[in-house]
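Peer 1: here is the input, now give the coordinates:
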Amino acid sequence: MLICDTHCDTLYMRALEPDKTPCVTMENLRRGGVSLQTCTLYAGPNGVSGHPYENAMAEYAAFCRLRDEEGWTLARSPLEAKDGETRVLLSIEGGEIFEGSAERVREFAALGVRMAALTWNNENELAYPAKGGSTERIKPAGWELLREMARLRIAADTSHLNEAGFWDLVDRHTQPPMASHSCCRALCDHFRNLTDAQIKAMAQRGGWIGVNFYPQFLTGSAHASVADIADHIDHICQLGAAKNVGFGSDFDGIECTPSDCQSPAQVPNILSELRRRGYGEEALADIAGGNFLRYYQRLGDEAQG
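Peer 2: Coordinates of the predicted model:
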């Protein structure tokens, strides 16, 4: 069974927080049977004033060291994922990394980036974040870069984007958007979580949602378990998005983790909980990774797995 995770902040930790110990290691990925781990190139917490491009390049250099010293393998498409192997996909978190330039989009596409979130928690030249509650839509410069992203088959990631920007993408973007690490607002009323209307729209557009493992997004507290992750997955499925949901852990970017899912090694615990609730093996294979791969097929990805 292919297991895919669409968000972790391990490269930022490796490059810019070297005093911290990451939970996403090749050993833990293999123990958990994770076939594809998406590692983001994160702009950093300070927005456009915080050297986002330089941060991203430092994180990419960290990946290159892991590739050369520990055998990490880059996937240039999710469709390269294979059962029994572990590969890494690259993403962008914080569109300020692109510095408002289509040339930067092409540069990161050449490095293997396959999805990009227009914002983190800061406004930039492209769009507005969910944090702050702006009702403004995506900026003209954002649409310019989104057109280039679509041409290069880079998915538009709505995690961290404000709700007006989300609807702008759903209504106007040429390709279905995704949310790499978001939960359900009906179960936990946090501004980072998706409303039922947003989840239904993702399903109707052929998008994709990776459920975040952060307890604050799952339960609104510092405590959660795989049962809470399963609750959010099940809620998305009940809204008609059973073919549009999977995992977006946010490992190494969150201060606390579910008690029984503290690293990629324990991701199979989520599948065991869903199995206990009556999910069959075909549905589990979809949630574990199949849905994510089919999402990229809908984007027109021509890479062969």
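
Peer 1: show me the residue at the heart of the protein, geometrically.
Peer 2: residue 180 (2.5 Å; C-alpha atoms, centre = their mean).

Peer 1: if I look at that one, how far off is residue 272?
Peer 2: Here the criterion is C-beta to C-beta, to the nearest Å. By it, residue 180 lies 24 Å from residue 272. The way it works is simple: take the backbone N, C-alpha and C, and place the C-beta from them, glycine included.

Peer 1: what ranges does the stretch 151-300 of the chain have for its strands?
Peer 2: Defined through DSSP state E, counting those that start in this stretch, the strands belonging to the stretch 151-300 of the chain, from first to last, are 155-157, 178-179, 208-211, 245-247.

Peer 1: please produce JSON lines containing those, extended by mean neighbour count and distance to residue 146.
Peer 2: Converted to JSON lines, the strands of the stretch 151-300 of the chain look like this (neighbours: other C-beta atoms under 10 Å; distance: least, C-beta to C-beta, whole Å):
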{"stretch": "strand 155-157", "mean neighbour count": "28", "distance to residue 146": "6"}
{"stretch": "strand 178-179", "mean neighbour count": "30", "distance to residue 146": "13"}
{"stretch": "strand 208-211", "mean neighbour count": "30", "distance to residue 146": "17"}
{"stretch": "strand 245-247", "mean neighbour count": "27", "distance to residue 146": "23"}
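
Peer 1: quick one: closest of those strands to residue 27.
Peer 2: Put simply, out of these the one that sits nearest residue 27 is strand 245-247, at 18.8 Å, with distance taken as C-beta to C-beta.

Peer 1: relative to the whole chain's centre, how far out is the closest one?
Peer 2: Here the centre of strand 245-247 is set off from its chain's centre by 10 Å, with C-alpha atoms, centre = their mean, to the nearest Å.

Peer 1: what helices or strands is it leaning on?
Peer 2: Applying 3 or more C-beta pairs under 8 Å, 6 or more residues apart in numbering; DSSP states H and E, one finds that strand 245-247 contacts strand 4-5, strand 208-211, helix 291-298.

Peer 1: any idea which of these is most buried?
Peer 2: With neighbours taken as mean count of other C-beta atoms under 10 Å, the helices and strands packed on strand 245-247 reach their highest mean count in strand 208-211, at a mean of 30.

Peer 1: okay, now the sheet partners of that strand, with direction.
Peer 2: In the sheet containing strand 208-211, its partner strands are strand 178-179 (parallel), strand 245-247 (parallel), by DSSP bridges.

Peer 1: assign a three-state SS to residue 301, would you?
Peer 2: Under DSSP: H, G, I helix; E, B strand; the rest coil, the three-state class of residue 301 is coil.

Peer 1: now do the helices in the protein.
Peer 2: Secondary structure of the chain (DSSP state H): helices at 10-16, 26-31, 52-70, 102-111, 140-151, 163-172, 196-205, 215-218, 226-236, 268-276, 281-285, 291-298.

Peer 1: format the strands of the stretch 151-300 of the chain as JSON lines; extra columns: distance to residue 289 and mean pLDDT.
Peer 2: Listed next are the strands of the stretch 151-300 of the chain as JSON lines, based on distance: least, C-beta to C-beta, whole Å; pLDDT from 0 to 100:
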{"stretch": "strand 155-157", "distance to residue 289": "15", "mean pLDDT": "98"}
{"stretch": "strand 178-179", "distance to residue 289": "14", "mean pLDDT": "98"}
{"stretch": "strand 208-211", "distance to residue 289": "11", "mean pLDDT": "98"}
{"stretch": "strand 245-247", "distance to residue 289": "7", "mean pLDDT": "99"}
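
Peer 1: could I get those as TSV with distance to residue 65?
Peer 2: Shown next, in TSV, are those (distance: least, C-beta to C-beta, whole Å):
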stretch	distance to residue 65
strand 155-157	25
strand 178-179	29
strand 208-211	26
strand 245-247	26
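
Peer 1: and of the ones you listed, who's closest to residue 188?
Peer 2: Using C-beta to C-beta as the measure, strand 208-211 is the one of the strands of the stretch 151-300 of the chain that comes nearest residue 188, at 11.3 Å.

Peer 1: which outside residues touch that closest one?
Peer 2: 5-7, 155, 159, 176, 178-183, 194, 199, 202, 229, 232-233, 236, 241, 244-249, 291-292, 295 (C-beta atoms under 8 Å, 6 or more residues apart in numbering).

Peer 1: just tell me which of the helices of the chain ends up closest to residue 80.
Peer 2: Distance to residue 80, taken as C-beta to C-beta, is lowest for helix 291-298 among these, at 9.8 Å.
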